[in-house]
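Asks: For reference, the sequence and a predicted model appear below.
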Amino acid sequence: TRLADADVGAVDTHCPYCALQCGMTLSPAGRASVRVRPRDPSAGGLCQKGWTSAALLGSPARLTTPLVRDGGTLRPASWDEALGLVARRIKEISAERGPDAVAVFGGGGLTNEKAYLLGKFARVALGTSQVDYNGRFCMSSAAAAAHRAFGLDRGLPFPLADLEGADAVLLAGANPAETMPPFLSHLRRAMDAGGLIVVDPRRTPTAERAALHLAPAPGTDLALALGILHAAVAGGRLDHAYVAERTTGFEETWRVAAAWWPERVERVTGVAAADQRRAAAMLSEAASAYVLTARGVEQHATGVDTAGAWINLALALGLPGRRGSGWGCLTGQGNGQGGREHGQKADQLPGYRKIDDPAARAHVARVWGIEPSALPGPGRSAFELLDALGTGGGPSALLVFGSNPAVSAPHSARVADRLAALDLLVVSDIVLSETARMADVVLPITQWAEEDGTLTNLEGRVLLRRRALAPPPGVRTDLEVLHDLAVLLGQPPERFPADPETVFTELRAASEGGPADYSGVTWDRLRAGERLHWPVPRRPEHGQPERDKPGHDKPEHDKPGHPGTPRLFLDRFAHPDGRARFAAVDHKGPAEPPDEEFPLYAITGRVLQHYQSGAQTRRVEELRAAVPEAYVEVHPDTARRAGLSDGAAAAVVGRRGRVVVPVRCVPSMRPDVVFLPFHFPGAQRANLVTNPALDPVSRMPEFKVCAVRLTPAGER
Ligand code: SF4
């Protein structure tokens, strides 16, 4: 099915960027003139990225023709030539080296339907285990910590609107004032009540709004969480009844935390003991309190344990699983939540099932019409996959959908070398990203406003993002690309539908009975405006076939549907015993601490105007004009000691590379820290210095801290 040519008219839809998925109305008057309005100004409206999101639809940077590498350069080609070449090379490489020689790399911005079909394409059409996605770099650590603590991961296990009643909120490693500004409207009460606590080594725009800003040395926030837990317990603030009735493992956790009294933590983190005690008091004395974490907590080689330490604090105060309080994780990418549920992850199958679970394999294989034995097992995690490319034992072909790993992966010079060593690199994208520039074949695809699809936002709510205008001639949807390629690889056409609603219907069946059960969600319900947070099992009985119940012959949308699950864990947590688990985690510190040669911590993060690798936002004139290039934020004394002043060209030199950027002197910076935004390519790539040390559980790289020195750009 190809998309029709006509524009649809004014359409209520959602922003193409972050996981807040703000509602917007698009009114197209031709491709170059699409009016954007917020649908719910009372929920914070839109940020600058959202307001300008339509600019890319008519951008001259847009790809509209497939490109094929020929004699070292990319030249236009027909779809038949491009896809024929891809299919032929995949068959050759797979025949020569086996199916795992072909790998797939997906993205947390892909719709649920794309994420689902991509995982199925990898495992069924390619027969490869080598599939993972950039969400591994995003919130895999919090997901693993939540699974360990609660038996289930859903970013916010409560509706966003619940935060509006909070008197105290601790935000650890989150900077929503820049990453998702409308989110702050939900914290208005906490901010007005002087109840906002921000944990961040930088004085970010979010920290500016806090009543209490705790600025630990990078890589020490696990110790800080232990210190606040210690302060809470020593101050008589432990919720004994909750801990006894709803949790296990407190004693082991306390045995570790008992050794982290606030004065000791102050020596490690630099955060005053009195401030740790104040944070414990603010959270425990509030009638409604939340602990929220994000990438600053997760992107460490100890990311799972660090997220776990903040969960421990929330459990000790009796917050999770109670109405009006809790722990949650702020998901980053647009479909960061749905992207990790539907099977594009190396260790997962749809429905948020584990790929090594025999029952899960049998269920998904049945839906896919294959034998369970034909399903590949777990593959390499994102960085390990990228790092193996083009090596003797690793894949020699890679298909990339919705990602730009040449900029966004850690140790990016090494990753670029690996990409260059491939026999076949195929990139499906809307613009010629840095990764696409390296490709053998580039496939031009539709943008968000030109196609229908669902996403799952940071509160686990399934949203329909709707088509508002016709795509330019020459582009196809990712689903069409997967369909066409699967057919060329010998698959029956009906096994890989290109229609998103048909894919979603299959996704529902594949997810049924799994932790993230979408079986009761239909597009009709979403079109009708229902707010459905998963799990949404099929009525009448979870796991019971519809045909066995009265009224099964009625169309589904005529029957009352399961209302969804806005609040998880109110009665019990998802572990078999219904209890949450403390984790006895201890402080280790960063994998690469500063030393004589590299005496500063480098930390990375986002700016308001740009998103992820910047492939989209750097091509929006208003955003580029506001922040045209990267920079390094440093304390003025640190700059002076390095022989630098504001605006001077500096080299941030680490063990893996050097980033050349202008200096921005910021008096509020810790003198031992420099900050690099990560949205920029070439010599300004922050990931030239970042450390690919991986968390042993989540396989998350340590993006957030590495050791560097600062010099004038001309010096080595
Ligand atoms: Fe879009 Fe996120 Fe900005 Fe909302 S906060 S407008 S979803 S980028």
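Replies: Received it, and whenever you're ready, just let me know what you need. Here the structure is a predicted model, which is why all the values come from computation and not from measurement.

Asks: for the worst-scoring helix or strand of the chain on mean pLDDT, packing partners?
Replies: The weakest-scoring helix or strand in the chain, judged by mean pLDDT, DSSP states H and E, is helix 336-339 (a mean of 86). Counting contacts by 3 or more C-beta pairs under 8 Å, 6 or more residues apart in numbering; DSSP states H and E, helix 336-339 is packed against helix 112-120, strand 453-456. Backbone N, C-alpha and C define where each C-beta goes, glycine included.

Asks: go again using 10 Å as the cut-off
Replies: If contacts are counted by 3 or more C-beta pairs under 10 Å, 6 or more residues apart in numbering; DSSP states H and E, helix 336-339 sits against helix 112-120, strand 453-456, strand 461-465.

Asks: Need the pLDDT of residue 325.
Replies: As predicted, residue 325 sits at a pLDDT of 97.

Asks: moving C-terminal of the least confident helix or strand of the chain, what's the next helix or strand?
Replies: Next helix or strand after helix 336-339 toward the C-terminus (DSSP states H and E): strand 348-349.

Asks: immediately after that following strand, which helix or strand?
Replies: Strand 348-349 is succeeded, C-terminally, by strand 353-354 (DSSP H and E).

Asks: Figure out how far that next one is from the centre of its chain.
Replies: Distance of strand 353-354 from the chain centroid (C-alpha atoms, centre = their mean, to the nearest Å) equals 19 Å.

Asks: Parallel or antiparallel, list what pairs with that strand.
Replies: Partners of strand 353-354 in the sheet, by DSSP bridges, are strand 348-349 (antiparallel).

Asks: Name the SS class of residue 143, please.
Replies: Following DSSP: H, G, I helix; E, B strand; the rest coil, we place residue 143 in the helix state.

Asks: How about residue 170?
Replies: Following three-state DSSP, residue 170 is assigned to strand.

Asks: what's the burial count for it?
Replies: Residues near residue 170, counting by other C-beta atoms under 10 Å, number 30.

Asks: and what of residue 249?
Replies: By other C-beta under 10 Å, the residues close to residue 249 number 17.

Asks: Tell me, how many residues neighbour the residue in the stretch 1-150 of the chain that the ligand sits nearest to?
Replies: Nearest residue of the stretch 1-150 of the chain to the ligand, counting by C-beta to the nearest ligand atom: residue 50, 2.3 Å away. Residue 50 has 24 neighbours, counted by other C-beta under 10 Å.

Asks: Contact partners for the nearest residue to it once chain neighbours are set aside?
Replies: Of all residues not flanking residue 50 in the chain, residue 15 sits nearest, at 4.4 Å (C-beta to C-beta, 6 or more residues apart in numbering). Contact analysis of residue 15 by C-beta atoms under 10 Å, 6 or more residues apart in numbering lists 21-24, 36, 38, 46-47, 49-51, 53, 180, 182, 334, 448, 455, 465.

Asks: Report the contact partners of the residue of the stretch 301-450 of the chain found nearest the ligand.
Replies: Of all residues in the stretch 301-450 of the chain, the one sitting closest to the ligand is residue 334 (7.2 Å; C-beta to the nearest ligand atom). Neighbour list for residue 334: 14-21, 107-111, 402, 448, 455-458, 463, 465, 611-612 [criterion: C-beta under 10 Å, 6+ apart].

Asks: What of residue 432?
Replies: By C-beta under 10 Å, 6+ apart, the residues touching residue 432 are 61, 62, 63, 67, 74, 439, 442, 444, 615, 619.

Asks: how near is the fifth one to residue 442?
Replies: Right, the one you point to is residue 74. Taking C-beta to C-beta, to the nearest Å as the criterion, residue 74 is separated from residue 442 by 6 Å.

Asks: anything in contact with each of these two?
Replies: Common contact partners of residue 74 and residue 442 (C-beta under 10 Å, 6+ apart): 66, 67, 68, 432, 436.

Asks: Find the pair from these with maximum spatial separation.
Replies: 68 and 432 (13.4 Å; C-beta to C-beta).

Asks: any residues in contact with both of the two?
Replies: The contact sets of residue 68 and residue 432 overlap at 74, 439, 442 (C-beta under 10 Å, 6+ apart).

Asks: Show only the entries of those residues found in strands.
Replies: Judged by DSSP state E, the shared contacts of residue 68 and residue 432 include 74, 442 as members of strands.

Asks: Any regions of the stretch 351-500 of the chain where pLDDT drops low?
Replies: In the prediction, the stretch 351-500 of the chain carries no residues with pLDDT under 70.

Asks: Residue in it with the shortest distance to the ligand?
Replies: Using C-beta to the nearest ligand atom, the closest approach of the stretch 351-500 of the chain to the ligand is made by residue 457 at 8.6 Å.

Asks: Might one say that that residue is in contact with residue 332?
Replies: No: the criterion here is C-beta atoms under 10 Å, and residue 457 misses it with residue 332 at 11.6 Å.

Asks: out of those two, which sits in the more crowded spot?
Replies: residue 332 (27 against 24).

Asks: Run a quick neighbour tally on the residue nearest to that one when sequence neighbours are not counted.
Replies: Leaving aside its sequence neighbours, residue 332 sits nearest to residue 138 (C-beta to C-beta, 6+ apart; 5.1 Å). Applying other C-beta under 10 Å, we find 28 residues neighbouring residue 138.

Asks: confidence score at residue 138?
Replies: Value for residue 138, per-residue pLDDT: 85.

Asks: who's in contact with it?
Replies: Contacts for residue 138 (C-beta under 10 Å, 6+ apart) come out as 19, 107-108, 294-295, 298-299, 331-333, 336, 339-340, 382, 408, 612, 700, 703.

Asks: and if you look at residue 196?
Replies: The contact partners of residue 196, taken as C-beta under 10 Å, 6+ apart, are 166, 168-171, 184, 187-190, 206-207, 209-213, 282.

Asks: and the gap between the residue lying closest to it once chain neighbours are set aside and the ligand?
Replies: Counting by C-beta to C-beta, 6+ apart, residue 196 lies nearest to residue 210, which is 4.5 Å off, once chain neighbours are set aside. Distance of residue 210 to the ligand, computed by C-beta to the nearest ligand atom, to the nearest Å: 19 Å.

Asks: Residue 522 too?
Replies: Distance check for residue 522 against the ligand: by C-beta to the nearest ligand atom, it reads 24 Å.
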